[in-house]
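Colleague: After the sequence you'll find the predicted model.
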There are 2 protein chains.
Amino acid sequence: MSSSRATLIQVAERAGVSLASTSRALHGTGASSAMVERVRAAAAELGYSPDAIGRSLRMKRTFQVAFAVADIGNPVYVEMLTAIHEVLAPHGYRVVVMSTGHTVASTVDLVRSLGSGFVDGLIVSPLRTDDVLVEAIKEAPVPVVVIGRSLERQGIDSVSTDSTAGIGQAVAHLVEIGRRRIGFVNGPLDTTPGAARQRGFDAATSAPLFAGDHAETERADDFTVAAGLDAARRLLSRDPAAGPFDAVVAANDLLAIGVIRAAGELGLSVPRDVAVTGMDDTEIGRVFQPSLTSVSLGSSERGRAAAQLVLDRVGDVVGPAQQIAIGPHLAVRESTTPLVEPAETLPASKEKSAR
Amino acid sequence: MSSSRATLIQVAERAGVSLASTSRALHGTGASSAMVERVRAAAAELGYSPDAIGRSLRMKRTFQVAFAVADIGNPVYVEMLTAIHEVLAPHGYRVVVMSTGHTVASTVDLVRSLGSGFVDGLIVSPLRTDDVLVEAIKEAPVPVVVIGRSLERQGIDSVSTDSTAGIGQAVAHLVEIGRRRIGFVNGPLDTTPGAARQRGFDAATSAPLFAGDHAETERADDFTVAAGLDAARRLLSRDPAAGPFDAVVAANDLLAIGVIRAAGELGLSVPRDVAVTGMDDTEIGRVFQPSLTSVSLGSSERGRAAAQLVLDRVGDVVGPAQQIAIGPHLAVRESTTPLVEPAETLPASKEKSAR
DNA sequence: AGATCAACTGGAAACGTTTCCAGTTTCCGA
DNA sequence: TCGGAAACTGGAAACGTTTCCAGTTGATCT
């Protein structure tokens, strides 16, 4: 750690010119080339680098954007974070990672804390939403973009996907490959994704296409492998009158892996006896054995879109609340199809289905 | 977005007291209770919340710490990030995520950028290190903690682990279960971890314990599943004179998963025909089938330790460079032992061996 | 009663930067 | 040669906060 940094004032003194000119010279705005030369030299000699705080105070810009989620460790959020960082960094914006906590109240606290002005914008993906939160977001002193539910009509910029339809795609695929007795392992219903996915499953299994077939739901305590394992044990041991389940739709990839493990415990082979689908299309699902058929909700794309949106807003782009929808699409892999050539399903091959 | 935020000056006016008293009242330092009451009320009426930038400028503290790695998506770094955030947030510190890029030069740029003073400290885990970087870190205007190599002797605070010894533990375990022809799938040798792990494998396989047995290395282009798959294909098809490999040590969990997939392609069963060990003890390895025996390098602990260290330093704790070492330990799971009760190996059961 | 002290308050400076404004020079065309 | 515009420069204010310093009050002790 060297002693202390040089300030613009010192550069000005060294160059023997005014503070104003020094600032201008370093920004290349309206300064003679002689001046620029002189100031540059002085700055270089002193190893000057501008102070972000002083600059922020004056410009009323922090060049920081916050990204807040309940659980930074979740692979989906990691993907978003990566995408957000990739979009923002080239524009000189830093990314601050924050936690929403698991309750609506703590998320509201977070949004209110934006009042202290440490970021120019916020990208948040709340697990749960209510009116208070919506109101807090609308009152926030900086632009906020929500990833998750569509909140366009509440006047909030949002990036959403249609996980309801996504579950529909998974069910349709299972029906297509001849499965007729489908179980659903969902996470908590009081979360935004949990509720949406339940609607998707209920809708898909009450559609004409599915008529005469059998469907049941089991709920996991959580969106984790362990919870999925527990729930799947309960589900698969139910053994309904219609006959054993020949497919299970899981509400995300981690739950799906729990399901596959439970199937293994019961001596069931995946996909022969039970086909399994996940959701989110995560790395972990792609490399799993069997590799996981999964509904991609475009986490990276959603992250990118949200970052772009917040970038527009902090760049003073005004206008009505935007709503960007990323369509879900199914990536079919081993867990619903007989294994042919495992190597083809690896991430390196970057399979992408059409959106 | 509401109009514009209230400032301390406005609170002071509203309360009809001086700016100084207002500040003191809100901080509870040396103000009469009447004063506190009055100012609190005014602040509440105006919905005042203190401006982080103004405060930073004056206090010369940003209450931010940066965490920089090459690849934010890597599970190991995600674990560290989570741990760092958990330690720092309760102390009122925010975490800024940054990318070191993949070269030493870009990492040096990053460290130099600390000169603009947007954070109070940095935690960095560089893939590659050289003298220029060491020098840049030493000259940095804020405390820097390096996760990775031990740099105590260079006068740099660091949190390290002994992945060399860790690989030794893996080899010892394999020998113990009777494996004699051990392959090693390593990542690039010009990275800090790659080099250390190679040393570990070479040392372990030239130790007396290993005398008479067979060892060979294959190098992957990268620390990813795809690269591991490729490398393992090459390794396992070598078929040395000493007989086929009955164990493979992989330099991290992702490579290990590639190895298991390659073994599957060749009709080899894991762990019966080939035992496989990974390193880093990631979630993905824990839930994989077969669950992965892996050398834990305590990513969370390293993150926590680094965060604590940087917290001490920004809290003006002076003293000689610290070096905190986190010992590696082996978590034995299915990939090196016959499967008994898969459920026991899930993360929910939180198995932890002694350090 | 006078002096000493503690408790509290307000004025003002300081942190480092950008930018408005006014002033000076230079140059060009009439 | 002169007027005016253009190009450039410097002074000073402003962003919002904390804290030093000096001053005022009220109480306690001798």
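Modeller: Received, thanks. Residues are numbered from 1 along each chain as shown, chains lettered A, B, ... in the order given.
Colleague: Does the longest helix seen in chain A reach DNA strand C?
Modeller: Across chain A, the helix with the greatest residue count (assigned by DSSP state H) is helix A:299-314. No - figure legend: helix A:299-314 not in contact with DNA strand C (Cβ under 7 Å from any atom of the strand); closest approach 15.0 Å. (C-beta placed from N, C-alpha, C; glycine too.)
Colleague: What is that helix packed up against?
Modeller: Applying 3 or more Cβ pairs under 8 Å, 6 or more residues apart in numbering or on different chains; DSSP states H and E, we find helix A:299-314 packed against strand A:64-69, helix A:75-88, strand A:121-125, strand A:144-148, strand A:157-161, strand A:323-326.
Colleague: Distance from it to the middle of the chain?
Modeller: 11 Å (Cα atoms, centre = their mean, to the nearest Å).
Colleague: before we move on, what about stretch A:185-204?
Modeller: With Cα atoms, centre = their mean, you get 18 Å for stretch A:185-204.
Colleague: buried ones in it?
Modeller: Residues A:185-188, A:191-198, A:200-201, A:204 are the ones in stretch A:185-204 that count as buried (16 or more other Cβ atoms under 10 Å in any protein chain shown).
Colleague: if we can go back for a sec, switch the helices and strands packed on helix A:299-314 over to JSON lines; also include mean pLDDT and mean neighbour count.
Modeller: Shown next, in JSON lines, are the helices and strands packed on helix A:299-314 (pLDDT from 0 to 100; neighbours: other Cβ atoms under 10 Å in any protein chain shown):
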{"stretch": "strand A:64-69", "mean pLDDT": "98", "mean neighbour count": "25"}
{"stretch": "helix A:75-88", "mean pLDDT": "97", "mean neighbour count": "23"}
{"stretch": "strand A:121-125", "mean pLDDT": "98", "mean neighbour count": "26"}
{"stretch": "strand A:144-148", "mean pLDDT": "96", "mean neighbour count": "26"}
{"stretch": "strand A:157-161", "mean pLDDT": "97", "mean neighbour count": "24"}
{"stretch": "strand A:323-326", "mean pLDDT": "96", "mean neighbour count": "18"}
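Colleague: Which among the ones you listed is found nearest to DNA strand C?
Modeller: Checking the helices and strands packed on helix A:299-314 against DNA strand C by Cβ to the nearest atom of the strand gives strand A:64-69 as the closest, at 16.1 Å.
Colleague: Report the inter-axis angle for the closest one versus helix A:75-88.
Modeller: Here strand A:64-69 runs at an angle of 170 degrees relative to helix A:75-88 (axes from the mean of the first three to the mean of the last three Cα atoms, to 10 degrees).
Colleague: what packs against strand A:64-69?
Modeller: Other helices and strands packing on strand A:64-69, by 3+ Cβ pairs under 8 Å, 6+ apart, are helix A:75-88, strand A:94-99, strand A:121-125, helix A:299-314.
Colleague: near DNA strand D at all, the next helix or strand after the second one?
Modeller: Read that as strand A:94-99. Later in the chain than strand A:94-99, the nearest helix or strand by DSSP states H and E is helix A:104-113. No - judged by Cβ under 7 Å from any atom of the strand, helix A:104-113 stays clear of DNA strand D, getting no closer than 13.5 Å.
Colleague: hey, where'd the helices end up in the stretch 251-355 of chain A?
Modeller: Assigned by DSSP state H, counting those that start in this stretch, the stretch 251-355 of chain A shows helices spanning A:253-265, A:283-287, A:299-314.
Colleague: would CSV of those helices with mean pLDDT be doable?
Modeller: Below are these laid out as CSV (pLDDT from 0 to 100):
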stretch, mean pLDDT
helix A:253-265, 96
helix A:283-287, 94
helix A:299-314, 97
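Colleague: Out of those, which is closest to DNA strand D?
Modeller: Nearest to DNA strand D, of all those, is helix A:299-314, at 17.1 Å by Cβ to the nearest atom of the strand.
Colleague: wait, isn't A:Phe245 in contact with A:Arg234?
Modeller: No - using Cβ atoms under 8 Å, A:Phe245 is not in contact with A:Arg234; the gap is 11.8 Å.
Colleague: higher neighbour count, the two?
Modeller: Higher neighbour count among A:Phe245 and A:Arg234: A:Phe245, with 27 against 13, using other Cβ atoms under 10 Å in any protein chain shown.
Colleague: how about that one, phi and psi?
Modeller: Here is the backbone geometry of A:Phe245 (degrees, to the nearest 10): phi -60, psi 140.
Colleague: before we move on, the earlier item: any chance of the helices and strands packed on helix A:299-314 in a markdown table, plus distance to DNA strand C?
Modeller: Shown next, in a markdown table, are the helices and strands packed on helix A:299-314 (distance: least, Cβ to the nearest atom of the strand, whole Å):
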| stretch | distance to DNA strand C |
| --- | --- |
| strand A:64-69 | 16 |
| helix A:75-88 | 20 |
| strand A:121-125 | 19 |
| strand A:144-148 | 25 |
| strand A:157-161 | 26 |
| strand A:323-326 | 31 |
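Colleague: So for B:Gln154, which of those sits nearest?
Modeller: If you check each of these against B:Gln154 by Cβ to Cβ, helix A:75-88 wins as the nearest, at 29.4 Å.
Colleague: And A:Leu133, how far from chain B?
Modeller: 16 Å (Cβ to the nearest Cβ, to the nearest Å).
Colleague: Check the secondary structure at that residue for me.
Modeller: Using DSSP: H, G, I helix; E, B strand; the rest coil, the structure places A:Leu133 in helix.
Colleague: count of neighbours near it?
Modeller: The number of residues packed near A:Leu133 is 22, by other Cβ under 10 Å.
Colleague: what's the answer for A:Gln10, then?
Modeller: Using other Cβ under 10 Å, A:Gln10 has 15 other residues around it.
Colleague: Surely it touches A:Gly47?
Modeller: No - counting by Cβ under 8 Å, A:Gly47 is not a contact partner of A:Gln10; they are 10.5 Å apart.
Colleague: The helices and strands packed on helix A:299-314 into TSV, with extra columns for distance to A:Ala306?
Modeller: Putting the helices and strands packed on helix A:299-314 into TSV (distance: least, Cβ to Cβ, whole Å) gives the following:
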stretch	distance to A:Ala306
strand A:64-69	9
helix A:75-88	7
strand A:121-125	5
strand A:144-148	5
strand A:157-161	5
strand A:323-326	8
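Colleague: Which one of the ones you listed lies nearest to A:Asp253?
Modeller: For A:Asp253, the closest of these is helix A:75-88, at 7.5 Å, according to Cβ to Cβ.
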